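Engineer: Pasting the sequence and the predicted model now:
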Amino acid sequence: MARITQADLNRIAKTFEERTPEELLRWAKETFGNRLAAISAMQQSGCVMGHMISRIPLDIPVLFVDTGVMFQETLETRDRMAREYGLKVRTLSPELTMVEQTEKFGVLYLSVEGQQACCHMRKVEPLLKVKGEYDALISSLRRADGGRRGDCPILAIDMEMNAVRINPLANFSDEAMDDYLRANKVIINPLHAQGFSTIGCNRCTTPVMPGEPKRAGRWRHLGPWSTYCGINPTDLDDGTATSADLPQDLIDRIMGQKTDFMI
Ligand code: SF4
């Protein structure tokens, strides 16, 4: 094994800024092969990503973390994406049901500290179950969503998963998103049409009022100090002092020393 750092990724990601999401997806598949998966919460951007994967087409599995307290509309969106786009969706679940967790720890999500523990058990730990199976995970973070995502990198180290995170939609504007949705009639979670700008667990997500920030509906009951679950590490860390241990030949491919991919 050899080590790749966030500084290494930042160097090559500079050359990625002008590339389209589809070009970045092709690069990811050619670089990581079968050690690559996408992760989607079946919100709008995750549905766009799933549509792109299915239309290129690329054989990339899609991981979906089902916390056990998802909206029915989200589960139905997942099932439609699998059925109509042919996506290989792999659902990951927490160890405890919400009933078992509540019996053991009480209602966690009503306090700031409890929310962090609940999100860790119900979102982060299910993903950690597949640690070691993938060297890279495609996420759907967009800078246009603002907040901590306003400067999210196209490539980031995920220390906990020992993998590279790839955000092909980082530069996808709201206008580009609307155009893509319209032109391709993408399946989207029907909750977006009911005022939900982002969608998570049914316990912690509400619609937003016109003029509110996009993420105002997440953990509204806790106030603005607790606005991310931690499943995307760049939402929480500053993205600097991180590294992953990967095979040397893979690092060479990532850094462009053994690749002949063409755009
Ligand atoms: S969003 Fe709420 S219910 Fe879902 S895992 Fe986090 S704290 Fe728990």
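Structural biologist: Great, that's in hand.

Engineer: On the pLDDT front, check the residue lying closest to E84 once chain neighbours are set aside for me.
Structural biologist: With CB to CB, 6 or more residues apart in numbering as the criterion, E84 has its nearest non-adjacent residue at 6.4 Å, and that residue is I187. Where you see a C-beta, it was placed from the backbone N, CA and C, and this is true even at glycine. Note for I187: predicted pLDDT of 98.

Engineer: gap between stretch 218-233 and the chain center?
Structural biologist: Distance, stretch centre to chain centre, for stretch 218-233: 15 Å (CA atoms, centre = their mean, to the nearest Å).

Engineer: Tell me which residues are up against that stretch.
Structural biologist: 39, 65, 109-112, 115-116, 119-120, 123-124, 127, 139, 141, 147-148, 156-160, 165, 198, 200, 204-206, 215, 235-236, 242 (CB atoms under 8 Å, 6 or more residues apart in numbering).

Engineer: What residues of it count as buried?
Structural biologist: Buried residues in stretch 218-233, counted by 16 or more other CB atoms under 10 Å: R218, W219, R220, L222, S226, T227, Y228, C229, G230, I231, N232, P233.

Engineer: Just the ones of those residues in strands?
Structural biologist: Here DSSP state E is the test, and the buried residues of stretch 218-233 give no hits in strands at all.

Engineer: Can you tell me the SS state at R122?
Structural biologist: At R122 the chain is in helix, as set by DSSP: H, G, I helix; E, B strand; the rest coil.

Engineer: and the gap between it and P153?
Structural biologist: The gap separating R122 from P153 is 26 Å, by CB to CB, to the nearest Å.

Engineer: No more questions from me, cheers.
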